[in-house]
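S.K.: Using only what follows, build the 3D model:
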Amino acid sequence: DNVRNKNARDAGARVLHSLLDDNLALAKYTVRKKGLLSEWKDVIIDNGAPSLCRLHLSGAIVNLHQLLPSVVTSTSIINDVSLLKVLVEHLQFDSASVDDIIKRVKTAKKRFDEEDADAKMERDIVRTVEKKGESARSIAKRQKEEKKKAKEAMDEEEEGDEVKKKQVPDIRETDAKEEYEMVLHEYKNIISTLVLALEVATNLCATGGTEDHSDTVMTDADNDAILFDAIASSNLPSLAYRLFLSFHSLSPDYFLEGENDDGKALRDKTAACLVNLYSNQGDTIPTSLWKDTQSLMSSSSVTAVQLSALRSSPSLQKLIGEPELQSLLKQCLSQNSDKDTKRDTIAMLSVLGSMPHSRAVNHVLTSTLLNVLQDKNSSVAIKSDVLNALMDIYSDETRHGDVFEELTVAGIMEKVGGGLMPMEEDEEETKMNVERFLDWRRGLDL
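M.R.: Below is the predicted model of the structure:
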């Protein structure tokens, strides 16, 4: 009964959370429903309520705040709902505990597989006896030998693996399948709770919409200021950052195999949370961010956070020296970088290139961007990004005009831009902007 009640509460809260996503009509109905929000708030602040239920209702409150900021105010969700406290409570990842659960899952799975194999062997014996008339004793002896050989081969493969050698204690003597499903559910619950907490935090760290829906304006600068000040003063920024570094430092095969790539989901969710946070609250960016992230394996989730931080923090921009720039240039030219990683890298070079820098740096930076621009393997989106970066760098007429001429930037931009076949609206806009930019540059020479 308790399990059914928990599942029902989780499911109901999940439906409310989903239905209130960008649904202004339902949002208005919800806030008019007397006592409804108070009931939600009581559940959210109840430590005894199911975690997923509390988080889904928190997400629903965030949706209401973004749709009706003048009704569900920042002050209300901070003070009345204590939403930041709820998120901080659930933005926790104890690697030791997760390690233990993963070992228990693997042990239970092995036991289940062994018992399932035994049951299959028994069924095979029965079928063979019925079909061939071979004695059960003979079949059992033969299959026992086969099983023994298979186990010996498996033991040889596992030799030297200390983790698998360790005996995980306290596995209850219950049905193997039931035990396996129970510990697997425990693992999934930890991951799903953390993913949901990150999703709600990500939405909370985003500003409201900018559209005017009838009589309701979705943005409220005062509300945003109150909210972001509260976020910056809480533990949420430091917790999200620690989770980001932790998930990106774990081995790719740390999480259970076949479980919907939990590692990637957690890496992407923490990155999305930090991107929103840093875009709106630059003061929360750690000064060690660039140093911390340089050691991480390059991926779109890492470069997205680096780009957001770089755009929002002038102090971080000043920490980027020649070694860091060389690393970005190398990453920009790499054929192994995925599209999003390369696009983020180009955008970072654009930010750095728009700052004061030496002629030597400008020369290598521009040369790298032109190489990417003229690469036959570069997509339309990549070429469009490079064109925008070059326009940003050389929009200052005093910035290294001799390099611009020496590397024939204008001619290359005109050739590539003119032959660009835009696939998206922003790419079409880039093509038109290139024509205007080149007309402006030519005017400087008159």
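S.K.: Pull the contacting residues for Glu397.
M.R.: Leu444 (CB atoms under 8 Å, 6 or more residues apart in numbering). No exception for glycine: its C-beta is placed from N, CA and C like everyone else's.
S.K.: I'd assumed it was in a helix, is it?
M.R.: No: counting by DSSP: H, G, I helix; E, B strand; the rest coil, Glu397 falls outside a helix, being coil.
S.K.: Need the per-residue pLDDT for it.
M.R.: Note on Glu397: pLDDT of 88.
S.K.: With Ala360 as the reference, measure out to it.
M.R.: 20 Å (CB to CB, to the nearest Å).
S.K.: How about Val364: what's its closest non-neighbour residue?
M.R.: Once flanking residues are discounted, Val364 sits nearest to Leu329: 6.7 Å by CB to CB, 6 or more residues apart in numbering.
S.K.: Now do the contacts for that neighbour.
M.R.: Here Leu329 is in contact with 349, 364-365, 368 (CB under 8 Å, 6+ apart).
S.K.: Recalculate using a threshold of 10 Å.
M.R.: 345, 349, 361, 364-365, 367-369, 371-372 (CB atoms under 10 Å, 6 or more residues apart in numbering).
S.K.: do Ser246 as well
M.R.: By CB under 10 Å, 6+ apart, the residues touching Ser246 are 93, 95, 266-267, 270.
S.K.: Can you add distance to Asp340 and give those back as JSON lines?
M.R.: What follows is the contacts of Ser246, written out as JSON lines (distance: CB to CB, whole Å):
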{"residue": "Phe93", "distance to Asp340": "25"}
{"residue": "Ser95", "distance to Asp340": "27"}
{"residue": "Leu266", "distance to Asp340": "18"}
{"residue": "Arg267", "distance to Asp340": "13"}
{"residue": "Thr270", "distance to Asp340": "16"}
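S.K.: most neighbours, which of the residues you listed?
M.R.: For these, the largest number of neighbours (other CB atoms under 10 Å) sits with Thr270, at 29 neighbours.
S.K.: Hmm, that residue is touching Leu243, no?
M.R.: Yes: look at Thr270 against Leu243 with CB atoms under 10 Å: they come within range, at 4.9 Å.
S.K.: Now do the shared contacts for those two.
M.R.: Residues touching both Thr270 and Leu243 (CB under 10 Å, 6+ apart) are 91, 93, 194, 198.
S.K.: among those, which one has the lowest pLDDT?
M.R.: Ranking the shared contacts of Thr270 and Leu243 by pLDDT, Phe93 lands last with 92.
S.K.: ok, the residue found closest to it once you drop the neighbours it is linked to in the chain - contacts?
M.R.: Excluding the flanking residues, the one nearest Phe93 by CB to CB, 6+ apart is Leu243, at 5.8 Å. Shown in contact with Leu243 (CB under 10 Å, 6+ apart): 91-93, 194, 197-198, 266-267, 269-270, 273-274.
S.K.: got the residues you listed as a markdown table, with secondary structure and distance to Lys103 columns?
M.R.: Below are those laid out as a markdown table (DSSP: H, G, I helix; E, B strand; the rest coil; distance: CB to CB, whole Å):
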| residue | secondary structure | distance to Lys103 |
| --- | --- | --- |
| Leu91 | coil | 24 |
| Gln92 | coil | 20 |
| Phe93 | coil | 17 |
| Leu194 | helix | 19 |
| Ala197 | helix | 24 |
| Leu198 | helix | 25 |
| Leu266 | helix | 19 |
| Arg267 | helix | 22 |
| Lys269 | helix | 25 |
| Thr270 | helix | 24 |
| Cys273 | helix | 29 |
| Leu274 | helix | 30 |
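S.K.: Let me know the closest of those to Arg14.
M.R.: Ala197 (13.9 Å; CB to CB).
S.K.: And the pLDDT at the closest one?
M.R.: On pLDDT, Ala197 comes in at 97.
S.K.: The chain should start at 573 in everything you say after this.
M.R.: Noted, 573 is the first residue going forward, which turns the last one into Ala769.
S.K.: next one: phi and psi at the nearest residue to it once chain neighbours are set aside?
M.R.: The shortest distance from Ala769 to any residue other than its chain neighbours is 3.9 Å, reached at His662 (CB to CB, 6+ apart). Per-residue torsions, His662: phi -100, psi -10 (degrees, to the nearest 10).
S.K.: Where does pLDDT dip in the stretch 673-822 of the chain?
M.R.: 700-716, 719, 722-746, 779-792 (pLDDT under 70).
S.K.: for it, what spans make up the helices?
M.R.: In the stretch 673-822 of the chain, the helices defined using DSSP state H, counting those that start in this stretch lie at 708-730, 734-737, 748-776, 793-805, 808-821.
S.K.: Out of those, which is closest to Ala583?
M.R.: Taking the helices of the stretch 673-822 of the chain one by one with CB to CB, helix 748-776 is closest: 12.9 Å.
S.K.: what about the closest one, distance to the chain center?
M.R.: Chain-centre distance of helix 748-776: 16 Å, with CA atoms, centre = their mean, to the nearest Å.
S.K.: Can you point out the buried residues in that helix?
M.R.: Neighbour-count burial for helix 748-776 flags 748, 751-752, 755-756, 759-760, 762-776 (criterion: 16 or more other CB atoms under 10 Å).
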